[in-house]
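K.L.:
Curious how this folds, go ahead:
(3 chains)
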Amino acid sequence: MEILLKDPILRDIGRQMYELIGRLYPICRSITGEGVRDTLEIIREHIPLEVHEVPTGTRVFDWTVPEEWNIRDAYIKNSKGEKIVDFRKTNLHVLGYSVPVRGKFSLEELREHIFTSPEHPDRIPYRTSYYNRNWGFCMSHVRYEQLEEDTYEVVIDSELKKGSLTYGEMYIKGACEEEVLFTCYTCHPSMCNDNLSGIALLTLLAKKLSGIDLKYSYRFLFIPETIGAVTWLCLNENNVSRIKCGLGAYCLGDRGGLTYKRSRSGDAIIDRIAEKVLGDSGQPHRIIDFNPAYGSDERQFCSPGFDLPVGSLTRSPSHVFDEYHSSADNLDAVSAEHLADSMEKYIEIVSVIENDGKYESLNPKCEPQLGKRGLYSKIGSKYSKTENEADEMAMLWVLNMSDGTYSVLDIAVRSGMTFREIKSAADILSRNGLLRKVEE
Amino acid sequence: MEILLKDPILRDIGRQMYELIGRLYPICRSITGEGVRDTLEIIREHIPLEVHEVPTGTRVFDWTVPEEWNIRDAYIKNSKGEKIVDFRKTNLHVLGYSVPVRGKFSLEELREHIFTSPEHPDRIPYRTSYYNRNWGFCMSHVRYEQLEEDTYEVVIDSELKKGSLTYGEMYIKGACEEEVLFTCYTCHPSMCNDNLSGIALLTLLAKKLSGIDLKYSYRFLFIPETIGAVTWLCLNENNVSRIKCGLGAYCLGDRGGLTYKRSRSGDAIIDRIAEKVLGDSGQPHRIIDFNPAYGSDERQFCSPGFDLPVGSLTRSPSHVFDEYHSSADNLDAVSAEHLADSMEKYIEIVSVIENDGKYESLNPKCEPQLGKRGLYSKIGSKYSKTENEADEMAMLWVLNMSDGTYSVLDIAVRSGMTFREIKSAADILSRNGLLRKVEE
Amino acid sequence: MEILLKDPILRDIGRQMYELIGRLYPICRSITGEGVRDTLEIIREHIPLEVHEVPTGTRVFDWTVPEEWNIRDAYIKNSKGEKIVDFRKTNLHVLGYSVPVRGKFSLEELREHIFTSPEHPDRIPYRTSYYNRNWGFCMSHVRYEQLEEDTYEVVIDSELKKGSLTYGEMYIKGACEEEVLFTCYTCHPSMCNDNLSGIALLTLLAKKLSGIDLKYSYRFLFIPETIGAVTWLCLNENNVSRIKCGLGAYCLGDRGGLTYKRSRSGDAIIDRIAEKVLGDSGQPHRIIDFNPAYGSDERQFCSPGFDLPVGSLTRSPSHVFDEYHSSADNLDAVSAEHLADSMEKYIEIVSVIENDGKYESLNPKCEPQLGKRGLYSKIGSKYSKTENEADEMAMLWVLNMSDGTYSVLDIAVRSGMTFREIKSAADILSRNGLLRKVEE
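P.N.:
Residues are numbered from 1 along each chain as shown, chains lettered A, B, ... in the order given. Predicted structure coming up:
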């Protein structure tokens, strides 16, 4: 999808996101360990993130916070002493959470511990083994098929020990306690779209919202996938009722169109808002139903014991994003323009959340006379009224629907006009004494 | 759309409507003034219309009844004394509600007061300036472009003064006080489809319903657009709860198919009836949602303070009717056949309103034995039963659905059979003691 | 529709059904009489059917049990003494319920009593005259057109006298009193699809369910069409509240796809189950709305005084089944494979009825950790997870939706997975202590 960004501020934010991705790209992240801490430290250069450490062994619902994993080096050497696989070239080479290993292996023994992706023979796949102790290497299928009978020296200089699970959280206080939750995961190693793009987007969104007068409060989570969501939900169980709605942010830099995945209920306010914002954009996009068998942490937020109004807004779904979970998800897989386009939609969603509301017409019986207030074209009876025709239409929609039961969003959906057009008309009418905001 | 009318009575009504349009065509109407009175006087030759006069200055909701406008003559003469624009040729030449003017103007000065329609260069457009004091002329764009530098003598011999807004109303008393409202507007000058067609249709519909035994009462309004609806609603505010449903009647003579525009709620009884009648007709037609930004007085009847079950039934919508608001909307733009076809649908709607109702089967447990009553084919087991197969099907539908909760209309909609077929079956079954009408 | 049956047991049942049809085919059945008794006697070789006799003259709602009809012989002889129509060749030759006749008739007189099917000139049509005393013969149109002026000897050696209406009923007691009703009609003479197929299917289904532990009770009716349903409903009026749901079984052996006709309400549990079973099959099929003007005894079960959740599951509808109600509906019109395929769907429906239920996740807050229970793939982050991917998806759906309000069927419908997949996942999760069945 080609994108033409008109807004120079947005273009600049796109560039900042891309730069941030570039800085975070080389770090070896996992669900615990120093890679996550290094990542959060870089994010803290932009926003005042609070960093939480949850000790290994903490029970979180059905799960237990695992040992902390760190890795210094890893390689496979052939008998000539040549490193045929080297962690220092890319951290994807090591099976995530590999236990330490140091020894000699025949090719046959080694094969059990090597993971490749035959359908993409040139790429190194991304694989992990968090809860089943194992070690392994990932490599391109091409290279794998060239391996000869030999005695291989294998070193994984990793460590699994008591430590903690690290996550970042930022809270922006608005006028009311009801809060909007944005969440992304920080556990993936060197891959850009999945999910440095989500990290970069939420970092710069949080930065943008800081210091603005906001109606709602906003919370940003930077957590490891699954175990992080489980942990946060367990520690914050008593406060989730404050969550008005939320979005999972991931895979936001690729060149595909946007995809909104609905919350479990399918008709939560976030569902209606995200669908309208994507519709108003005029860009091709996908709306997909909630599905607990795919996706990310919306699965935890939408588990039946929480059932929170949380959807996810991504670009290409994983089965469409060709570079998914492989070394091909590098800095070429994302672009500043597409990151900025994603940001635009997130900002627009915040704008709708902040600006939606119900109004009451102060002249509910018949239309008020717009002409005498200079709000209507002066020469009547043309089909195409004036250059302000859209404004007039929007005003008539707002006046007709504003009986206190329909919100700006409702009116925008019913009229087929954009949220911005309807909101603008409501503002004009309010300024002219024709409309009163209904207190909620 | 080609129409073949089988009913000679209907054909005759079509001719009468066309004749009435012909008589009303030359009159210069506006939202107030003698043109409206002359129009109502001619309608009174057909039906005993009550004529109301509402004084200038009367406050009606957010509006004020304006001054009365009358015009005797208007023209533009060039320096050779030739009338280059002459109100006597067609009243469309004058901007509706023009203030009087008498003077000499350069071409440049004159241009500010001339309105044309460049997209239809041969036509004189229809323009008004009711609530913004102005004067002007409308002319064909072709003629406008031929105007030369000159000193022009301009005369508009009009008058704006205290007077009244004039409207007509006819009420036909039925068995119950609940009433059906038909409304059309009388303020447009020499244009046939918009809206002499609506005037002619309601005049002859009211004539047809007079003296018939009716279940519901019927009210017909002949009012100026917008200000007339506002005025009538303001004066009759306490009685609108009697309105069971209503229809705005306009643009009913052109050659396009019928268009039903839904009421604000979208599922009022009039919506279901009009959609079924148009569907039963088998003719191509349009159903469009309520839209407060286009249309006519349904916008007032459906304003949130009233929210009445009022739709509109027209032929082509204004953006499809090519001759809209121009001198091309003349006697060639409408035909007796299409007027009669529109009338047929209005009569059918009245018929459904009058004949709908709920029944209760007197043999609700299993089907009653139709055969022993001579209501079923004598030889069984053919797939295609008898020449009365439609009757048998309709009877079985009525018997199955008549548990007191479904109306004839409901059954017709669910079965996909026409209202007439289902109603006829209900009548046969009632006569045979198999069905009882449920009192409402 | 070509069918490949993988299940050898099912193939065997198909053959048994076809054999049973073969045995019942020659018998001359009608709504009363020895033909019905002979038919029930043969069914009793398979299942312990209870046979009921309801005396002629018994009032059943709006109907009266008619006289019993029996026939020994019937023919038309020409003046040369040749039998040109002979009941002994096929019982379809006689108009069902013909009164006895013995006499000589001119061709002109005879024509009034001969029924043919000009659109299928080679076939003998099936015709009856139950409630209008008449006599007649059915023959091919080809033969009919060859008839010459002659004096014909006509004999119908039938008898109409006080007797009884005969029907069969079988009840299988399950754990609860709520019962599932299967009904077929036994009144059609020598036609295989309509409805020896339904008789054969219900006979073998009842046999299969006998002696199995069942949650619900099951009732099988073998009744004459219409009058039998009316009679049974009248005699069992006080017990119909036990009926959880039901199906009419007819036309189940032809080569078309399956057709489910919804119950009157359209969203009864049987409607949802039958639609899901047909959908899960992956085979082309039809779902049609309830229609009281066509079909069979679901018209009585769904009459407004009962409104029972009873649909019908057939193969081709009568207007699609070309051999309908004619001598072409013979042993070639049905196949063992298609009978078995129909049986498979009936068994599957019973399976869903028996196995549906609601569950509650014992870990409703976030997903439980499937990995530590060996229920999840060991190597993470592949898009296509494991060979057990469908199982994993189904488990995640069940865990997410099992809050006590959604049934297995609900989850299967929402997820788009089959009932079997979802039920299997629920079983695995229950065995692993992750799910608890909700008592109803």
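K.L.:
Against A:Met17, how distant is whichever residue of the stretch 301-440 of chain A sits closest to chain C?
P.N.:
Proximity of the stretch 301-440 of chain A to chain C (CB to the nearest CB) peaks at A:Gly305, 3.2 Å away. For glycine as for every other residue, the C-beta is placed from the backbone atoms N, C-alpha and C. Per CB to CB, to the nearest Å, A:Gly305 is found 35 Å from A:Met17.
K.L.:
the more surrounded of these two?
P.N.:
Using other CB atoms under 10 Å in any protein chain shown, the more surrounded residue of A:Gly305 and A:Met17 is A:Met17, with 27 against 14.
K.L.:
you'd agree the more buried one is up against A:Gly198?
P.N.:
No: using CB atoms under 8 Å as the test, A:Met17 is too far from A:Gly198 to be in contact (10.3 Å).
K.L.:
sorry, back to before: I'd guessed the residue of the stretch 301-440 of chain A closest to chain C sits against C:Leu362; true?
P.N.:
No: in this structure, A:Gly305 is not within contact of C:Leu362 by CB under 8 Å, at 10.4 Å.
K.L.:
show me what contacts the residue in the stretch 101-250 of chain A positioned nearest to chain B?
P.N.:
In the stretch 101-250 of chain A, no residue comes nearer to chain B than A:Lys215, which is 25.6 Å away by CB to the nearest CB. If you count contacts by CB atoms under 8 Å, 6 or more residues apart in numbering or on different chains, A:Lys215 has them with A:Gly174, A:Ala175, A:Cys176, A:Ile353, A:Glu354.
K.L.:
one step back: does the residue of the stretch 301-440 of chain A closest to chain C sit in a helix or strand, and which one?
P.N.:
Remark: A:Gly305 resides in no helix or strand, with elements defined by DSSP states H and E.
K.L.:
so what pLDDT did it get?
P.N.:
pLDDT recorded at A:Gly305 is 97.
K.L.:
Could I get the contacting residues of it?
P.N.:
A:Gly305 sits next to C:Ser361, C:Asn363, C:Pro364, C:Lys365, C:Cys366, C:Asp403 when contact means CB under 8 Å, 6+ apart.
K.L.:
how about a cut-off of 7 Å?
P.N.:
C:Pro364, C:Lys365 (CB atoms under 7 Å, 6 or more residues apart in numbering or on different chains).
K.L.:
list the helices and strands the lowest-mean-pLDDT helix or strand in chain A packs on?
P.N.:
When the helices and strands of chain A are scored by mean pLDDT, DSSP states H and E, helix A:389-401 comes last with a mean of 93. On a contact count with 3 or more CB pairs under 7 Å, 6 or more residues apart in numbering or on different chains; DSSP states H and E, helix A:389-401 meets helix A:408-415, helix A:419-431.
K.L.:
which one of the ones you listed is the most hemmed in?
P.N.:
Mean neighbour count (mean count of other CB atoms under 10 Å in any protein chain shown) peaks for helix A:408-415 among the helices and strands packed on helix A:389-401, with a mean of 21.
K.L.:
relative to helix A:419-431, how tilted is that helix?
P.N.:
Going by axes from the mean of the first three to the mean of the last three CA atoms, to 10 degrees, helix A:408-415 is angled at 120 degrees with respect to helix A:419-431.
K.L.:
about what we covered before: quick one: secondary structure of the residue of the stretch 101-250 of chain A closest to chain B?
P.N.:
coil (DSSP: H, G, I helix; E, B strand; the rest coil).
K.L.:
what's the neighbour count on A:Pro26?
P.N.:
Around A:Pro26 there are 12 other residues, counting by other CB under 10 Å.
K.L.:
go on, the one 4 residues further on?
P.N.:
A:Ser30: 26 surrounding residues under other CB under 10 Å.
K.L.:
cool, A:Ala175 as well?
P.N.:
Neighbours of A:Ala175 (other CB under 10 Å): 11.
K.L.:
try A:Gly374
P.N.:
9.
K.L.:
where's it relative to B:Tyr131, distance?
P.N.:
For A:Gly374, the distance to B:Tyr131 equals 11 Å [CB to CB].
K.L.:
helix or strand for A:Lys89, which one?
P.N.:
Assigned by DSSP H and E, A:Lys89 belongs to neither a helix nor a strand.
K.L.:
repeat for A:Glu108
P.N.:
Assessed by DSSP H and E, A:Glu108 sits inside helix A:107-111.
K.L.:
returning to that earlier point: read off the pLDDT value for the residue of the stretch 101-250 of chain A closest to chain B.
P.N.:
Confidence score, pLDDT, at A:Lys215: 97.
K.L.:
Just read off the phi/psi values of it.
P.N.:
phi -80, psi -50 (degrees, to the nearest 10).
K.L.:
And it, how close does it get to chain C?
P.N.:
29 Å (CB to the nearest CB, to the nearest Å).
K.L.:
what does A:Asn78 give?
P.N.:
Taken as CB to the nearest CB, the span from A:Asn78 to chain C is 25 Å.
K.L.:
ok now do that residue, which residues does it touch?
P.N.:
Taking CB under 7 Å, 6+ apart as the definition, contacts of A:Asn78 comprise A:Ile84, A:Asp150, A:Tyr152.
K.L.:
8 Å instead?
P.N.:
Residues in contact with A:Asn78 (CB under 8 Å, 6+ apart) are A:Ile84, A:Glu148, A:Asp150, A:Tyr152, A:Glu153.
K.L.:
same deal with A:Ser316?
P.N.:
A:Cys251, A:Asp254, A:Arg255, A:Gly256, A:Gly257, A:Thr259.
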